[in-house]
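Colleague: here are the coordinates; sequence isn't available:
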Ligand SMILES: [Fe+2]
């Protein structure tokens, strides 16, 4: 893990704690980060893509506590929108290029959007998030077959899906 990424992880754990996130929510992004990092490296992403992916994986659900507290749920469209807003503020003083910040915010804004995959980084983030969600909730576990067929594209992601849930 790059030093900046480690600093983002540390800052996100502290932010989550003060923002009312549950321990399950903190554990969720730790797991998504780990699988996204693994898939990205195995799929040969560039160093820039890998760093973008890893920071987006840490931040992808940053809107969830806010949505739960203000709307009473964490439905995809709401937490994508609020997460992008909160993620942009979070990244303001993080020492990465502006275009990388913009891409990370865009990824937060589409991490529940499966029908229009914008990039390899987006693809890997969707796969890593699903691999974790399938182990955390019946709602996702029930749709593994559909996701295998319609969402998963990378060789590594497909292998992990099989090894974890096959
Ligand atoms: Fe997630």
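Modeller: Now that the structure is in, tell me what you want to look at. None of these values were measured; they are calculated from a predicted model. Residues are numbered from 1 along each chain as shown.
Colleague: Would you mind measuring from residue 79 to residue 61?
Modeller: According to Cβ to Cβ, to the nearest Å, residue 79 stands 7 Å off from residue 61. For glycine as for every other residue, the C-beta is placed from the backbone atoms N, C-alpha and C.
Colleague: low-scoring stretches of the chain, by residue?
Modeller: Nowhere does the chain drop to pLDDT under 70.
Colleague: tell me, which helix in the chain spans the most residues?
Modeller: In the chain, assigned by DSSP state H, the helix with the most residues is helix 23-42.
Colleague: tell me what that one is packed against?
Modeller: On a contact count with 3 or more Cβ pairs under 8 Å, 6 or more residues apart in numbering; DSSP states H and E, helix 23-42 meets helix 3-18, helix 47-59, helix 120-136, helix 155-165.
Colleague: repeat that with 10 Å
Modeller: With contacts taken as 3 or more Cβ pairs under 10 Å, 6 or more residues apart in numbering; DSSP states H and E, helix 23-42 sits against helix 3-18, helix 47-59, helix 64-71, helix 120-136, helix 155-165.
Colleague: taking those together, which one is wrapped up most tightly?
Modeller: helix 47-59 (a mean of 24; mean count of other Cβ atoms under 10 Å).
Colleague: Which strands or helices does that one pack on?
Modeller: helix 3-18, helix 23-42, helix 76-91, helix 98-108, helix 120-136.
Colleague: and that helix, is it in reach of the ion?
Modeller: No: against the ion, helix 47-59 shows no contacts by Cβ under 5 Å from the ion, the least distance being 8.6 Å.
Colleague: between that helix and helix 98-108, how big is the angle?
Modeller: Taking axes from the mean of the first three to the mean of the last three Cα atoms, to 10 degrees, one finds helix 47-59 and helix 98-108 inclined to each other by 50 degrees.
Colleague: quick revisit: could I get the helices and strands packed on helix 23-42 in JSON lines, plus columns for distance to residue 88?
Modeller: What follows is these, written out as JSON lines (distance: least, Cβ to Cβ, whole Å):
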{"stretch": "helix 3-18", "distance to residue 88": "13"}
{"stretch": "helix 47-59", "distance to residue 88": "10"}
{"stretch": "helix 64-71", "distance to residue 88": "13"}
{"stretch": "helix 120-136", "distance to residue 88": "17"}
{"stretch": "helix 155-165", "distance to residue 88": "28"}
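Colleague: Out of these, which is closest to residue 84?
Modeller: Between residue 84 and the helices and strands packed on helix 23-42, the tightest spacing by Cβ to Cβ is seen for helix 47-59, at 9.7 Å.
Colleague: and the closest one with helix 76-91, angle?
Modeller: 110 degrees.
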